[in-house]
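structure for the following, please:
(chains A and B)
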Amino acid sequence: MPDLRELYQEVILEHNKAPRNYREMETANHTAEGYNPLCGDHFTVYLDLEDDSIRDISFQGSGCAISKASASLMTQSVRGKTRAEAEILFNQFHKLVTGQPANGSRADLGKLAVFSGVSEFPVRVKCATLAWHALHAAMRGKQETVSTE
Amino acid sequence: MTTAAKRLPEESRSADLRDACAGLDVEKVRRDFPILRQRVRGRALVYLDNAATSQKPQVVIDAMRRYYERDNANIHRGVHFLSEHATEEFEGARRKMQSFLNTADASEIIFVRGATEAINLVAQTYGRTNVHAGDEVLITAMEHHSNIVPWQILCEEKGARLRVAPISDSGELLLEDFENLLGPRTKIVAVTHVSNALGTINPVLRIIETAHRRNIPVLVDGAQAVPHLKMDVQALDCDFYVFSGHKVYGPTGIGVLYGKSALLDAMPPYQGGGDMISSVTFEKTIYNKLPYKFEAGTPHVAGAIGLGAAIEYVNGLGMDNIAAHEHELLAYATDTVSAISGIRLIGTAREKAGVLSFLLDSIHPHDIGTILDQDGIAIRTGHHCAQPVMQRFGIAATARASFALYNTREEVDALVDGIEKVREVFA
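Numbering: from 1, shown residues only, chains lettered A, B, ... in the order given. Take a look at the predicted model:
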């Protein structure tokens, strides 16, 4: 039986309570929305992209603990990274939460490793990946709202 | 909850509570439902998602199995033994629906896929014939999407206007506002009997009387009502009543549209095809009489037979006994759950059936659902296909426990323990 504490790790609960980079960004040059209407999870991801790097990133919205903590930790993990680096991280993160074997080391995931428990809860994968899909859309300059439902 | 819909709610409640003593042997009833015997995630299943769909008693499963093993044939056309027998069973199921709803005639029972299809049928036939540009359709702010979207589609096509009667903070229809919204352009009222998200029982008798004084027909969505309340469409005098079989212990894919025969007769058909005609040439088709005019194609014969068995089962237990048991259980759940620190109930109407929607601190309902599920407790989380209700209360979602005749106080206790566990995880 999957363990709840594996899913709701302290880091996740803490980021849910006090999400980082939780603000609207007026200087954002890219934004995208992630919305899962069935759950009601709804976030906007703001990006300040300079050349190819993420100079600043923030988010705002509401959702479950998994989706909110994931958005919060994502903003910390990708700040300062290039678009390509962020996409690689998304790919690794996706493999982690869906329980697929990693290509190479998971060490690159850093704090994001706290989401490993999600793979035992398949219906929650959509929560963990919502902000990442929004980031992906924002980086590609897509305006439409993305969904993982 | 009412034997005659005209009985006052307070009277009926005390009468039902008296009956309850003779009432329902829940432990015995639970043995009728094979699915309840299983363990989920190592724990006894606590199924509290009955407003989404109810579980099926053995008699329903057996009836459908027997049909496929012994009686399967197409109906209304074969001359052979099996076809005759299948037709008898199917029409027998229709007569069970007639007595369940107390309709004047069995031909007023149209078998459909469910409440959703029934509402779409009325919107696309009665609605398209009678609603024109500038007309109005009146619904309430507590409708399920299935009693909103079909009317929106109609109004968009016709240039008509969808009006919405507001509800109070406790989740009760504001009757004065409702009455003020009834006007000369109102062509139909569509209202839920019991709200799936809030549990509110609407005063449909009064709603219907009020609308009828202005000669406006009323469709009542009974999807959440028929599992909990005794029904009498003639006492209500509603023009259309719809429900889904799977919420009243029957199979999925079968439901009922009741309509007054004068209205059904005047309506154009919904779908064309076999069974709904009496003669076809390339020049002209003569439609069949009621109810077949609205039953194009081979229907869900096994489903109708299964639903017939479900209704017989419910009748055998006694709707008053069921209502009394569920009423007592909901009162117990309301008391014990609302005593938990940080709980906010959504939907606190004076008259409720079957549903307890709640929020816990700022914890997202989805997290509540996942944690309860680890203890084998099944609830629904989300917007319950009633997004406007969520908007009315300024929330994205709720956690919803919903009750059926087989639920027990012990299961409510398990829910309360589960919610306490959620608080611990998020402490």
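
for the stretch 1-150 of chain B, which spans come out with low pLDDT?
B:1-22 (pLDDT under 70).

residues from it in reach of chain A?
The stretch 1-150 of chain B comes close to chain A at residues B:41-42, as judged by C-beta under 8 Å from any C-beta of the partner chain. To be clear about C-beta, it is placed using only N, CA and C from the backbone, and glycine gets the same treatment.

can you show me the helices along the stretch 1-150 of chain B?
Listed from the start of the chain, the stretch 1-150 of chain B has helices (DSSP state H, counting those that start in this stretch) covering B:9-22, B:26-30, B:58-66, B:81-101, B:115-122, B:128-130, B:149-158.

from chain A, how far out is B:Ile216?
Note on B:Ile216: its distance to chain A, by C-beta to the nearest C-beta, to the nearest Å, is 33 Å.

that residue against B:Ala190, yeah?
No - between B:Ile216 and B:Ala190 there is no contact under C-beta atoms under 8 Å: 10.8 Å.

neighbour count: those two, which is higher?
Neighbour tally, B:Ile216 and B:Ala190, criterion other C-beta atoms under 10 Å in any protein chain shown: the higher count belongs to B:Ala190, 25 against 19.

OK, contacts around the more buried one?
With contact set as C-beta atoms under 8 Å, 6 or more residues apart in numbering or on different chains, B:Ala190 has these partners: B:119, B:122, B:137-139, B:143, B:147, B:151, B:218-219, B:221.

hmm, 10 Å instead?
B:Ala190 is in contact with B:119, B:122-123, B:127, B:137-140, B:143, B:147-148, B:150-151, B:162, B:217-221, B:240, B:242, counting by C-beta atoms under 10 Å, 6 or more residues apart in numbering or on different chains.

just B:Glu157 next, same as before
Neighbouring residues of B:Glu157 by C-beta under 10 Å, 6+ apart: B:123-124, B:127-128, B:131.

number of nearby residues for the residue of chain A found nearest chain B?
For chain A and chain B, the shortest gap (C-beta to the nearest C-beta) falls at A:Gly40, measuring 3.1 Å. Applying other C-beta under 10 Å, we find 23 residues neighbouring A:Gly40.

likewise B:Val59?
16.

that one against B:Tyr313, yeah?
Yes - using C-beta atoms under 10 Å, B:Val59 makes contact with B:Tyr313 at a distance of 5.3 Å.

what sits in contact with each of the two?
B:32, B:249.

next to chain B, which bits of chain A? Give me the list.
Contact residues (C-beta under 10 Å from any C-beta of the partner chain) of chain A with chain B: A:1-5, A:7-8, A:13, A:16-17, A:36-42, A:61-68, A:121, A:123-124, A:126-127.

one more time with 8 Å, if that's ok
For chain A, the residues in contact with chain B (C-beta under 8 Å from any C-beta) are A:1-2, A:4-5, A:7-8, A:13, A:37-42, A:62-66, A:121, A:123-124, A:127.

ChimeraX command for the buried members of the residues you listed?
In ChimeraX, this line selects whichever of those come out buried by 16 or more other C-beta atoms under 10 Å in any protein chain shown:
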select /A:4,7,8,13,39,40,41,42,63,64,65,66,121,124,127
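
need the phi and psi values for the spatially closest residue to A:Gly110 that is not a sequence neighbour.
What sits nearest to A:Gly110 in space, not counting adjacent residues and going by C-beta to C-beta, 6 or more residues apart in numbering or on different chains, is A:Ser77, at 6.3 Å. Main-chain torsions, A:Ser77, degrees, to the nearest 10: phi -70, psi -30.

burial count for A:Ser77?
Applying other C-beta under 10 Å, we find 21 residues neighbouring A:Ser77.

equivalent analysis for B:Leu263, please.
B:Leu263: 16 neighbours (other C-beta under 10 Å).

name the SS class of it, please.
Three-state assignment for B:Leu263 (DSSP: H, G, I helix; E, B strand; the rest coil): helix.

how about the nearest residue to it, chain neighbours excluded?
B:Asp239 (5.8 Å).

that neighbour and A:Gly117: what is the separation?
The gap separating B:Asp239 from A:Gly117 is 53 Å, by C-beta to C-beta, to the nearest Å.

who has more neighbours out of these two?
Between B:Asp239 and A:Gly117, counting by other C-beta under 10 Å, B:Asp239 is the more crowded of the two (24 against 21).

adjacent strands (with direction) for the one helix or strand B:Leu257 maps to?
Taking DSSP states H and E as the definition, one finds B:Leu257 inside strand B:255-259. If you go by DSSP bridges, strand B:255-259 pairs up with strand B:109-112 (antiparallel), strand B:240-244 (antiparallel).

which other residues reach the first one?
To tie it back to what came earlier, the one meant is strand B:109-112. B:94, B:97-98, B:101, B:103, B:118, B:121, B:242, B:254-259, B:264, B:290-291, B:294-295, B:299-300, B:304.

which ones are touching B:Pro291?
Going by C-beta under 8 Å, 6+ apart, the list of residues near B:Pro291 reads B:94, B:106-111, B:264.

which one is B:Val26 nearest to, not counting chain neighbours?
Per C-beta to C-beta, 6+ apart, closest to B:Val26 is B:Thr408, 5.6 Å.

gap between the one you found and chain A?
From B:Thr408 over to chain A the distance is 24 Å, taken as C-beta to the nearest C-beta.

pick the most buried one from the strands paired with strand B:255-259.
Most buried of the strands paired with strand B:255-259, by mean neighbour count (mean count of other C-beta atoms under 10 Å in any protein chain shown): strand B:240-244, with a mean of 29.

those helices in chain A, which residues are they?
A:4-7, A:10-17, A:65-78, A:83-97, A:125-139 (DSSP state H).

possible to save those as a markdown table with distance to B:Ala52 and mean pLDDT?
Converted to a markdown table, the helices of chain A look like this (distance: least, C-beta to C-beta, whole Å; pLDDT from 0 to 100):
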| stretch | distance to B:Ala52 | mean pLDDT |
| --- | --- | --- |
| helix A:4-7 | 23 | 88 |
| helix A:10-17 | 27 | 96 |
| helix A:65-78 | 22 | 97 |
| helix A:83-97 | 27 | 95 |
| helix A:125-139 | 19 | 96 |
